[in-house]
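# Here is a sequence with its predicted model. Questions after.
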2 protein chains.
Amino acid sequence: MTAQQDPVRLEQTLTLLWGSHSRTVGRTGLTINDFVVAAIALVQAEGVQALSMRSIASRLGVRPMAAYGFAPGKSAILALMVDRAYAAMYPAGTEPTAVDWRLGLRQVAEANRALHKAYPWLAELQPARSPMGPHELLKHERELAPLDGVGLSDFEMDQALAQLLNLTTQAARLENQAAAERASTGLDDAEWWVQAMPVLERVVDPQRFPLTVRVARATTETREGTFWGESAFNFGVERLLDGIEALIIRRRAG
Amino acid sequence: MTAQQDPVRLEQTLTLLWGSHSRTVGRTGLTINDFVVAAIALVQAEGVQALSMRSIASRLGVRPMAAYGFAPGKSAILALMVDRAYAAMYPAGTEPTAVDWRLGLRQVAEANRALHKAYPWLAELQPARSPMGPHELLKHERELAPLDGVGLSDFEMDQALAQLLNLTTQAARLENQAAAERASTGLDDAEWWVQAMPVLERVVDPQRFPLTVRVARATTETREGTFWGESAFNFGVERLLDGIEALIIRRRAG
DNA sequence: ACGGCGATTGATACACCGTATCGATTCGAT
DNA sequence: ATCGAATCGATACGGTGTATCAATCGCCGT
């Protein structure tokens, strides 16, 4: 875990997010942008646990404390990285095409899924109370659009979108965490079961868990070959969209 | 972040989970159970970031490395803590009452919400590929029950339950993380906005984000006084249940 | 041109983390 | 009583985020 706590310094972080990233930092000749790019490159290549103030600095060939020249702390750099990740999602110039809300929301789900696939560290670094940067704000604006004017209240729009993103984030988190465990233990899923099964068979009475055993057998058969994460994600999204649809119909009925 | 990596040692962890926790550890006279209880007490009192091998040991008045007498590493202790948390959910003797699947699933959602409220560290410590302990297995068995025989395939049952728990976990994670940020920065939500607003007002053009502004205003008004987390969670659960219901109806129709 | 001064820098330090390693000790069995 | 094995205590390693502070450098007024 984090050794010392990481002060957040909201105000400075916000002005940093919305300010110019081409400001150069001290005498290094490097811009803020250089730091963010280096941090992202590092975390893409070596994962979250390799991301530290020291490692970012050493990748740029500067002293460990260099980043403190513009950022009040690590969390500010994380915020910059997160906002940067959102940057490419809805490029400036593209307007939201007015279509069926359901198709629109599905595209939102898929865009976010693609985002997390491209930046696997994102789910881990997203803060709960995000100091919203420019790209995050634009993302939010675009993602609310499909739900505008379909009959939901503003409050319901917010909640519906939030739940859709929750599903996406949690799916990404689980997959990343599993991948991290695979990497750190050297056990892929098959090897994992090979190790676990003998112990479980020795120790658990299958009579006590008939449903679990039956369902587990079915899922291992079904996901044979296919990528489980994808179908689980799609299942969740479709069910949630069905649920939102039911609410919309109810609201329209009166 | 974690300093050195934490080897998982699946096999030992599993036998530990299913074995007797009253074995005494070395010459300390303490049982495995004592360590788990101490670890949970510690994390309840001081939060995840205070949980370390050293802090657990010092709480028991033993040397830092004492826990390695029975556990192959930190993650084994975490697994024990997690399974212990599940222990009180569905006490032995209580049978699943056969009711309407929807009511049953809602109870599952609420039981898990209560669980995360009682053990806020749970969402953080749950591993992605869980080495399933006895209580976790029982929990899973009980939670599949409401969906048994309603017309879904085994695979769909698994996915439906998984998505419901995803929603629950992610909701808990967000709330805990927010609470942790509140604690570490000393800024509650109100103070947070007081700091953020002036900067945002100075720097963002509201014309560019009409939907966001409108919806944000509505949600801050609506959640006035009420606890936002609760209604967001309920909203998510109800929508997902509606979606599952739609699927069940479709499957029953043919 | 030059003295002074404030900003920037580099190094060091602190208080942690998980756990490998190893010599000393103690216990149980013979 | 003796001996081998288990346990213990301590120390060490390589990491973490960031506070602190002396030294140094660039710039500015004169």
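Now that the structure is in, tell me what you want to look at. All figures in this text were calculated on a predicted structure; none of them were measured in a lab. Numbers count the residues shown, from 1 in each chain, chains lettered A, B, ... in the order given.
# What's the separation between A:D148 and chain B?
6 Å (Cβ to the nearest Cβ, to the nearest Å). Where C-beta positions appear, they are placed from N, C-alpha and C, glycine not excepted.
# Make sure that residue is actually in contact with A:M157.
Yes. With contacts defined as Cβ atoms under 8 Å, A:D148 counts as touching A:M157 at a distance of 7.1 Å.
# These two - which one has more neighbours?
Each of A:D148 and A:M157 had its neighbours counted (other Cβ atoms under 10 Å in any protein chain shown), and the higher figure belongs to A:M157 (23 against 17).
# Find the nearest non-adjacent residue to the more buried one, please.
Spatial nearest neighbour of A:M157, excluding adjacent residues (Cβ to Cβ, 6 or more residues apart in numbering or on different chains): A:L147 at 4.5 Å.
# wait, what's in contact with that neighbour?
A:L147 is in contact with A:101, A:104-105, A:157, A:160-161, counting by Cβ atoms under 8 Å, 6 or more residues apart in numbering or on different chains.
# List the ones among these that fall in strands.
With strands taken from DSSP state E, there is no overlap with the contacts of A:L147.
# Pull out the buried members of these.
The neighbour-count test (16 or more other Cβ atoms under 10 Å in any protein chain shown) applied to those identifies A:101, A:104-105, A:157, A:160-161 as buried.
# which of these lies closest to chain B?
Top of the list for closeness to chain B, among the buried ones among the contacts of A:L147 and by Cβ to the nearest Cβ, is A:M157 at 5.8 Å.
# how's chain A carved up into domains?
Domain ranges of chain A: A:7-86, A:101-253, per automatic domain parsing.
# ranking the ones you listed by mean pLDDT, which is last?
In terms of mean pLDDT, the lowest-scoring of the domains of chain A is domain A:7-86 (a mean of 88).
# touching DNA strand D at all, that one?
Yes. Interface with DNA strand D: domain A:7-86 contributes A:7, A:27, A:50-55, A:64-65, A:68, A:73-75 (Cβ under 7 Å from any atom of the strand).
# Of these, grab the buried ones for ChimeraX.
Paste this into ChimeraX to select the buried members of those, with burial taken from 16+ other Cβ under 10 Å:
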select /A:51,53,73,74,75
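# Show me the residues of domain A:7-86 next to DNA strand D that map onto helices.
Helix and strand membership here follows DSSP state H; of the residues of domain A:7-86 next to DNA strand D, those in helices are A:53-55, A:74-75.
# quick one: the closest residue to DNA strand C within the stretch 101-250 of chain A from A:Q170, how far?
In the stretch 101-250 of chain A, the residue found nearest to DNA strand C is A:S184; the distance is 9.9 Å by Cβ to the nearest atom of the strand. Spatial separation of A:S184 from A:Q170 under the definition Cβ to Cβ, to the nearest Å is 21 Å.
# what's the answer for A:A160, then?
Here the distance between A:A160 and A:Q170 works out to 16 Å (Cβ to Cβ).
# Chain A: helices as residue ranges?
Defined through DSSP H, the helices belonging to chain A, from first to last, are A:10-18, A:32-46, A:53-60, A:74-87, A:101-118, A:122-125, A:134-144, A:154-185, A:189-203, A:210-222, A:228-253.
# Can you redo those helices as a markdown table, where the extra columns are distance to B:R129?
As requested, the helices of chain A are arranged in a markdown table below (distance: least, Cβ to Cβ, whole Å):
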| stretch | distance to B:R129 |
| --- | --- |
| helix A:10-18 | 35 |
| helix A:32-46 | 22 |
| helix A:53-60 | 27 |
| helix A:74-87 | 26 |
| helix A:101-118 | 19 |
| helix A:122-125 | 17 |
| helix A:134-144 | 31 |
| helix A:154-185 | 5 |
| helix A:189-203 | 6 |
| helix A:210-222 | 14 |
| helix A:228-253 | 12 |
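# List the contacts of the residue most central in space within chain A.
For chain A, the residue nearest the mean C-alpha position is A:A123 (2.9 Å; Cα atoms, centre = their mean). For A:A123, the contacting residues are A:116, A:169, A:172-173, A:176, by Cβ under 8 Å, 6+ apart.
# filter these down to the ones close to chain B.
With the criterion set as Cβ under 8 Å from any Cβ of the partner chain, the members of the contacts of A:A123 near chain B are A:169, A:173.
# Farthest-apart pair in the contacts of A:A123, please.
With distances taken as Cβ to Cβ, the most widely separated pair in the contacts of A:A123 is A:T169 and A:N176, at 10.4 Å.
# which neighbours do these two share?
Jointly contacting A:T169 and A:N176 under the rule Cβ under 8 Å, 6+ apart are A:116, A:123.
# What distance do you get for the nearest residue to A:V213 once chain neighbours are set aside to A:S75?
In space, and not counting its chain neighbours, A:V213 is closest to A:P206: 5.2 Å by Cβ to Cβ, 6+ apart. Noted for A:P206: a distance of 48 Å to A:S75, by Cβ to Cβ.
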